[in-house]
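Undergrad: Need a 3D model of the sequence below.
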Amino acid sequence: MSNTAIWVIGCVFFQVVFGLLGAVLLNQNFRGRGVIRGLTLIPWATPSVLAAMMWMWILDGNYGLLNDILMRIGLIVHPIPWISQTGTAMASLMLIDVWQGIPYFAVMLLAAMQTIPGDLLEAAKLDGAGAWKAFWKVVFPLMLPTLMITTILRIVWTASYMDLMMVVTQGGPAYSTLTIPLASYYRAYTDLKYGEATAMAGIQALLLLIVVVLYLRLMSNKGALDNGK
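TA: Below is the predicted model of the structure:
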């Protein structure tokens, strides 16, 4: 459960942060914007198994591309087994998932930003608000509902996601990347302990249900406040 919590919170947090940054950048006017927007979807559209195999080569402890680059620029002296040691295995998996998930947030938030009337931003500028203040006072509050539902959906998806662990680490080393879905799978199809597997799946479903209920309560309270205004 601790591995699952670290996995979900870490992955979703960095996806939200970098996805928001990506949405802001993609919303700017620059040459080739349409092409860049299309290219940003490549990680999201890449099949999970293919992405896992690619990153296994990049993070390989013997001949991986990342180690080669870091050694060439002098940041490390010896190759680091990123996916073969307990201290870096989970972080490596999170890196892969964040790489795949950033475009999802970027595109969703970009769509929300483009629905914001330009008159509101013009009014904020006339009132003396700079770009930073206008974003946090005007743009971000209007994006918040989209950000919330996108985050909830990504939490549910990430918590249930086990393809990456199965391909890259198989839950190791030393169970350091074993999450509830993967443990449930092994209990059912390796140990043939279907009762334990069902219990694990039920616990995860209850935890995710709590997240969804909290979201629904927040949205209903927000709707009540809006109606009151």
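
Undergrad: How about residues contacting stretch 190-206?
TA: Outside stretch 190-206, the residues within contact range by Cβ atoms under 8 Å, 6 or more residues apart in numbering are 1, 4, 159-160, 180-181, 183-185, 187-188. C-beta: built from backbone N, CA, C; applies to glycine.

Undergrad: let's see it at 7 Å
TA: Residues outside stretch 190-206 that contact it (Cβ atoms under 7 Å, 6 or more residues apart in numbering) are 159, 180-181, 183-184, 187-188.

Undergrad: what do you get for stretch 14-31?
TA: Applying Cβ under 7 Å, 6+ apart, the contact partners of stretch 14-31 are 36-37, 40, 98, 101-102, 104-106, 109-110, 113, 151, 154.

Undergrad: average model confidence for the longest helix anywhere in the chain?
TA: Of all the elements of type helix in the chain, the one with the most residues (DSSP state H) is helix 194-228. Average pLDDT, helix 194-228: 79.

Undergrad: Then stretch 95-109?
TA: 94.

Undergrad: can you count the residues close to Ala91?
TA: 13 (other Cβ atoms under 10 Å).

Undergrad: one step back: return the closest of the contacts of stretch 190-206 with respect to Cys11.
TA: Ala159 (9.5 Å; Cβ to Cβ).

Undergrad: From Gln15, how far out is that closest one?
TA: Separation of Ala159 from Gln15 (Cβ to Cβ, to the nearest Å): 13 Å.

Undergrad: Kindly report the same for Gly64.
TA: Taking Cβ to Cβ, one finds Gly64 at 24 Å from Gln15.

Undergrad: Between the two, tell me which one has more neighbours.
TA: Gln15 (26 against 20).

Undergrad: Quick check: the more buried one vs Ser48, distance?
TA: 15 Å.

Undergrad: re earlier: out of the contacts of stretch 190-206, name the ones that lie in strands.
TA: Per DSSP state E, strands hold no members of those.

Undergrad: So which of the residues you listed sit within helices?
TA: 159, 180-181, 183-184, 187-188.

Undergrad: quick check, nearest of those to Met54?
TA: Pro181 (22.4 Å).

Undergrad: residues in contact with the nearest residue to that closest one once chain neighbours are set aside?
TA: Nearest residue to Pro181, sequence neighbours excluded (Cβ to Cβ, 6 or more residues apart in numbering): Met162, at 4.2 Å. For Met162, the contacting residues are 179, 181-182, 185, by Cβ under 7 Å, 6+ apart.

Undergrad: quick one on the thing from earlier: can I get the ones in helices among the contacts of stretch 190-206 in a markdown table with pLDDT and distance to Leu20?
TA: Compiled in a markdown table, the ones in helices among the contacts of stretch 190-206 are given as follows (pLDDT from 0 to 100; distance: Cβ to Cβ, whole Å):
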| residue | pLDDT | distance to Leu20 |
| --- | --- | --- |
| Ala159 | 92 | 21 |
| Ile180 | 93 | 28 |
| Pro181 | 93 | 27 |
| Ala183 | 94 | 32 |
| Ser184 | 94 | 33 |
| Arg187 | 93 | 38 |
| Ala188 | 93 | 38 |
